[in-house]
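# I'd like to go over a predicted model; first the sequence, then the structure.
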Amino acid sequence: MSFKNPDLAILASNLKRSLSIYLAGAICSLSFCSIPAQAQDAQTQDAQTQDVDVAASPLAAPNGDGHSLAPDNSQWVESWANDLKQSSRQWIQIDISDQRLIAWEGNTPVFSITVSTGRASDMTPTGVYAIEHKYRTARMQGETYDIPDVPYTMYFSGSYAIHGAYWHTNFGSPVSSGCINVPIQGAAWLYDWAGTGTAVVVQN
C-alpha cells in the first residue's frame with residue numbers, strides 16, 4: 001500500500017512501527033519471558049545516541065580499556081561471575097551459547113529471558129563490563145542498517161548495548177549486529193531494574 005499524501009505516509013509508518021512493538025511484546029509475554037509480577041515500565045526521558053561520548057568501562061578488563069581479553073578470557077570472566085555471586089550486587093549474565101540473559105541479585109536469579117546475540121560475522125564480545133549509558137529510545141546506525149526508536153537501550157561497551165528489538169522475533173538465534181536483542185517486554189523490565197554501573201558478564 002502506498003500513499004500520495006506525505007502526512008498519511010508518515011502516519012502509516014508510525015502505526016506500522018507501533019504495531020511491531022505491540023506484537024513483539026505480545027510474543028515475548030507468551031513465549032520468551034520470565035518476568036516478575038512487580039515489573040513496571042521504565043520512565044526515563046527520550047534521548048538519541050548520536051554525539052554521545054561513551055566512556056570505557058573500568059570493569060571491562062584489568063587494563064580498563066573497555067574490551068575483553070584476547071584470545072581466551074573464559075577463566076577470567078568465570079572468576080568475575082563467581083565473585084559477583086558472592087556479593088549482593090545486581091548484575092546481568094549473557095550466555096551466548098544458550099542465547100539467554102539472566103538478571104542476578106548476588107547469587108539469586110531474578111529474571112531470565114531468551115535473547116539474540118551477534119551473528120557469526122558480528123559476534124558479541126565476551127568479557128565483564130558495566131552499563132554506561134541508558135536511553136529510553138535511541139537511533140542505531142551502521143553500514144547496513146539505520147533503525148530509529150530502538151527501545152530500552154543500555155550501552156555497556158562502546159556501541160554494544162542491551163536493547164529491545166521490534167524488527168524481528170528470532171530470539172534464541174544469534175542474528176544481531178553485536179548487540180543483545182531482547183523482546184520488548186523483557187527489555188522494559190531490565191531497563192527499569194538495572195542502573196548505570198550494573199555489571200554485565202558476557203560469556204560463551
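Perfect, thanks for sending it. Numbers count the residues shown, from 1 in each chain.

# wait, residue 152 touches residue 194, no?
No - counting by CB atoms under 8 Å, residue 152 does not reach residue 194; the two are 10.0 Å apart. Any C-beta I mention is one placed from the backbone N, CA and C, and that applies to glycine too.

# between those two, which one's more packed in?
Higher neighbour count among residue 152 and residue 194: residue 152, with 28 against 23, using other CB atoms under 10 Å.

# what's the first helix or strand after the helix or strand containing the more buried one?
Per DSSP states H and E, residue 152 falls inside strand 146-157. Downstream of strand 146-157, the first helix or strand assigned by DSSP H and E is strand 160-164.

# what is that following strand packed up against?
strand 133-141, strand 146-157, strand 180-182, helix 184-193 (3 or more CB pairs under 8 Å, 6 or more residues apart in numbering; DSSP states H and E).

# so which of those is nearest residue 96?
Of all those, strand 180-182 sits nearest to residue 96, with 9.6 Å by CB to CB.

# parallel or antiparallel, which strands does the strand holding residue 152 pair with?
Here strand 146-157 is paired, per DSSP bridges, with strand 133-141 (antiparallel), strand 160-164 (antiparallel).

# same list (those strands) but as a markdown table, adding distance to residue 95, mean pLDDT and mean neighbour count.
Formatted as a markdown table, those follow (distance: least, CB to CB, whole Å; pLDDT from 0 to 100; neighbours: other CB atoms under 10 Å):
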| stretch | distance to residue 95 | mean pLDDT | mean neighbour count |
| --- | --- | --- | --- |
| strand 133-141 | 22 | 94 | 18 |
| strand 160-164 | 13 | 97 | 25 |
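
# now the ones you listed as a markdown table including distance to residue 99?
As requested, those are exported to a markdown table (distance: least, CB to CB, whole Å):
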| stretch | distance to residue 99 |
| --- | --- |
| strand 133-141 | 20 |
| strand 160-164 | 13 |
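
# out of those, which gets nearest to residue 113?
Comparing the strands paired with strand 146-157 by their distance to residue 113 (CB to CB), the top pick is strand 160-164, with 10.5 Å.

# right, and residue 88 touches residue 104 too?
No - with contacts defined as CB under 8 Å, residue 88 does not count as touching residue 104, sitting 10.3 Å away.

# higher neighbour count, these two?
Comparing residue 88 with residue 104 by other CB under 10 Å, the one with more neighbours is residue 104, at 21 against 9.

# quick check: that one touching residue 92?
Yes - with contacts counted by CB under 8 Å, residue 104 reaches residue 92, the gap being 7.4 Å.

# stretch 168-188: end-to-end distance?
17 Å (CA to CA, to the nearest Å).

# and the closest residue in space to residue 100 that isn't next to it in sequence, how far is that from residue 190?
With CB to CB, 6 or more residues apart in numbering as the criterion, residue 100 has its nearest non-adjacent residue at 6.0 Å, and that residue is residue 114. Residue 114 sits at a distance of 13 Å from residue 190 (criterion: CB to CB, to the nearest Å).

# give me the nearest residue to residue 197, chain neighbours excluded.
What sits nearest to residue 197 in space, not counting adjacent residues and going by CB to CB, 6+ apart, is residue 130, at 5.4 Å.
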